[in-house]
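1. Could you look at this predicted model? Sequence included:
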Amino acid sequence: MTIKNSRRGEIPPFIVMDVLQTANRRQTEGKDVLHLELGQPATGAPKGVIALAHEMLDKDLLGYTEAFGLFAVRKRISEYYFDAHKISIDPEQIVLTTGSSGGFVLACISAFDVGDRVAIADPGYPGSRNILLALGIEPILIPTGQETRFQPTPELLSKIDGKLDGLIIASPSNPTGTMLGKNELKSLSEYCLDREIRLISDEIYHGITYKERGLSALEFSNDSIVINSFSKYYSMTGWRVGWMVVPEDLVRNIECLSQNLYISAPTLSQYGALAAFDCKTELDANVERYKKNRTILLSGLHEAGFSKIAPADGAFYIYSDVSDLTNDSEHFCHKILEDTGVAITPGVDFDQGRGNAFVRLSFSGSTQIIREASDRLKDWMSKQGKR
């Protein structure tokens, strides 16, 4: 007898987690590992977040909150949008979520039905693509490259056969770190509005940029769904709290879904998030470290022979074309880890069609680790006769 299993779980794995597992096993064998595979800050939550969390542990029952979260936090997020983007957002349109991942699930369930078609840039964050697959929504992959800075354009969208129901964009992007400028984001927003395509904007790396500020899709359209998180700039990955800004026509739908799927985001994490906005000095110091790490790693990679690198405008990733070095990025990354102890991620995690010729490196760790990893990669490439 065979008991039925849902096909929703038959989605590709998140390969970076497999790389982490291999790297951890290496460490249990007493060998060192320099982690450039994971996209998370090397720092913990800011001091103010920790202090408020301790205070609330002592005096609050930490029961459920309303489904959209503590109003004080949502009001503070609304103030953030006015301060950072000069946009007035009703706190009633802001939803605190169980990480940005919870936000993506809510966004996709509320906006799309089974069988709908949603475009997403390739390469792109695998979690977004795989959430669509698990929900029975068809991801329409848009092959992008250096010519469009690995971002979708109206011209690329116009080449897609059939009707689109949605578009997911990310700026800054994971894995490439590229960003959409004002004209590009405006054009995409207008394209979607004209064709009744629901735009979902992944803005979780806002705050981590190196030249221009991150623009919000809300600056161009009230019909967009914006997803953000306290994980990256705010350095609160394990707290599992994010937020979304939703159009008025989706507020009640998302509220009902949130009530039933999650009840509410973790209460202690919500209190911590309230304090995060007052920790800007500490958080901006983290960004300065990322900026320094970026310079070190870019220079080291160029010296090592990694010559075709995506513009790392924001986030803390470098995405490099290694087609002149290998046609098997998984083996290439495994060999680097085995020989040098430097863990990096194969591009097949982000681009199933062309990712065999790309790798992603994260520079979110300490400057000491990034400098040592850079030196090891230069030495390894020299021994391979690649430079």
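-> Great, that's in hand. Nothing here was measured: the structure is a model prediction, and the numbers come from that model.
2. which ones are touching residue 260?
-> Listed by Cβ atoms under 8 Å, 6 or more residues apart in numbering, residue 260 has no contact partners. Bear in mind the C-beta positions are built from the backbone N, C-alpha and C, glycine included.
3. err, residue 176, not the other one
-> 123, 149-150, 310-312, 317, 319.
4. rerun at 10 Å
-> 121, 123-124, 144, 146, 149-151, 170, 309-315, 317-320, 350, 358, 360 (Cβ atoms under 10 Å, 6 or more residues apart in numbering).
5. so where does it fall, helix or strand?
-> Residue 176 belongs to no helix or strand when assigned by DSSP states H and E.
6. how near is it to residue 234?
-> 22 Å (Cβ to Cβ, to the nearest Å).
7. now swap in residue 302 and tell me
-> 31 Å.
8. of those two, who's got more company?
-> residue 234 (26 against 14; other Cβ atoms under 10 Å).
9. mind checking the SS state of that one?
-> coil (DSSP: H, G, I helix; E, B strand; the rest coil).
10. list the contacts for it?
-> Residue 234 touches 41, 45-46, 49, 207, 228, 241-242, 272-273, 275-277, 279-280, 283, 286, counting by Cβ under 10 Å, 6+ apart.
11. Please apply the same query to residue 53.
-> 45, 239, 268-269, 271-272, 275.
12. so how far is residue 87 from residue 79?
-> According to Cβ to Cβ, residue 79 and residue 87 sit 11 Å apart.
13. swap that for residue 10, sorry
-> 40 Å.
14. got it, and residue 342?
-> For residue 342, the distance to residue 87 - Cβ to Cβ - is 41 Å.
15. out of these two, which sits in the more crowded spot?
-> residue 342 (24 against 15).
16. mind checking how far that one is from residue 295?
-> Taking Cβ to Cβ, one finds residue 342 at 18 Å from residue 295.
17. Counting only helices, which of the contacts of residue 53 make the cut?
-> Among those, the ones falling in helices (DSSP state H) are 268-269, 271-272, 275.
18. what's the closest of these to residue 219?
-> Nearest to residue 219, judged by Cβ to Cβ, of those is residue 275 at 26.8 Å.
19. Was I right to think that closest one contacts residue 48?
-> Yes: in this structure, residue 275 is within contact of residue 48 by Cβ atoms under 10 Å, at 4.4 Å.
20. Those two - which one has more neighbours?
-> A direct count of neighbours by other Cβ under 10 Å for residue 275 and residue 48 places residue 275 higher, at 22 against 18.
21. Tell me who's in contact with residue 222.
-> By Cβ under 10 Å, 6+ apart, residue 222 lies in contact with 87, 89, 93, 193, 245, 247-249.
22. One more pass at 8 Å, please.
-> Per Cβ under 8 Å, 6+ apart, neighbours of residue 222: 247-248.
23. cool, and residue 38?
-> Taking Cβ under 8 Å, 6+ apart, one finds 16, 20, 362, 364 in contact with residue 38.
24. just to revisit the earlier point, now that we have the contacts of residue 176, which of them are buried?
-> Buried members of the contacts of residue 176, scored by 16 or more other Cβ atoms under 10 Å, are 121, 123-124, 144, 149-151, 170, 309-315, 317-320, 350, 358, 360.
25. In helices, which of these fall?
-> Per DSSP H, these never map to helices.
26. which ones among these are found in strands?
-> Under the assignment DSSP state E, those contribute 121, 170, 309, 317-320, 358, 360 to strands.
27. Can I get those residues in TSV including pLDDT and distance to residue 369?
-> Shown next, in TSV, are these (pLDDT from 0 to 100; distance: Cβ to Cβ, whole Å):
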residue	pLDDT	distance to residue 369
121	97	29
170	98	26
309	94	20
317	97	15
318	97	14
319	97	19
320	96	18
358	96	22
360	97	16
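28. any idea which of the residues you listed is closest to residue 328?
-> Among these, and counting by Cβ to Cβ, the member closest to residue 328 is residue 358, at 11.5 Å.
29. and the nearest residue to the closest one once chain neighbours are set aside, backbone torsions?
-> Closest residue to residue 358 apart from its sequence neighbours, by Cβ to Cβ, 6 or more residues apart in numbering: residue 347 at 2.9 Å. Main-chain torsions, residue 347, degrees, to the nearest 10: phi -70, psi -20.
30. Buried ones in the top helix by length along the chain, by neighbour count?
-> Counting by DSSP H, the longest helix found in the chain is helix 280-304. Judged by neighbour count using 16+ other Cβ under 10 Å, the buried positions of helix 280-304 are 282-283, 286-287, 289-290, 293-294, 296-298, 300-301, 304.
31. Check stretch 79-88 too.
-> In stretch 79-88, counting by 16+ other Cβ under 10 Å, buried: 80-81, 85.
32. In strands, which of the residues you listed fall?
-> Per DSSP E, those never map to strands.
33. From these, pick the one nearest residue 35.
-> residue 80 (30.5 Å).
34. Can you tell me the closest non-neighbouring residue to that closest one?
-> Nearest to residue 80 is residue 277, by Cβ to Cβ, 6+ apart, at 6.3 Å.
35. Can you list the low-confidence ranges for this structure?
-> 1, 385-387 (pLDDT under 70).
36. Domain parsing of it, as residue ranges.
-> For the chain, automatic domain parsing gives the domain ranges 7-44+281-382, 47-278.
37. hang on, the earlier thing: would you convert the ones in strands among the buried ones among the contacts of residue 176 into CSV that also reports distance to residue 109?
-> CSV is the format used below for these (distance: Cβ to Cβ, whole Å):
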residue, distance to residue 109
121, 22
170, 19
309, 37
317, 28
318, 34
319, 30
320, 35
358, 31
360, 29
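38. And these, which is closest to residue 380?
-> residue 320 (14.5 Å).
39. didn't the closest one look like it was pressed against residue 311?
-> No: between residue 320 and residue 311 there is no contact, the gap being 11.7 Å when judged by Cβ atoms under 8 Å.
40. Count the neighbours of the residue lying closest to residue 57 once chain neighbours are set aside for me.
-> Sequence neighbours aside, residue 268 is the residue nearest to residue 57 in space, at 6.9 Å (criterion: Cβ to Cβ, 6+ apart). Using other Cβ under 10 Å, residue 268 is surrounded by 17 other residues.
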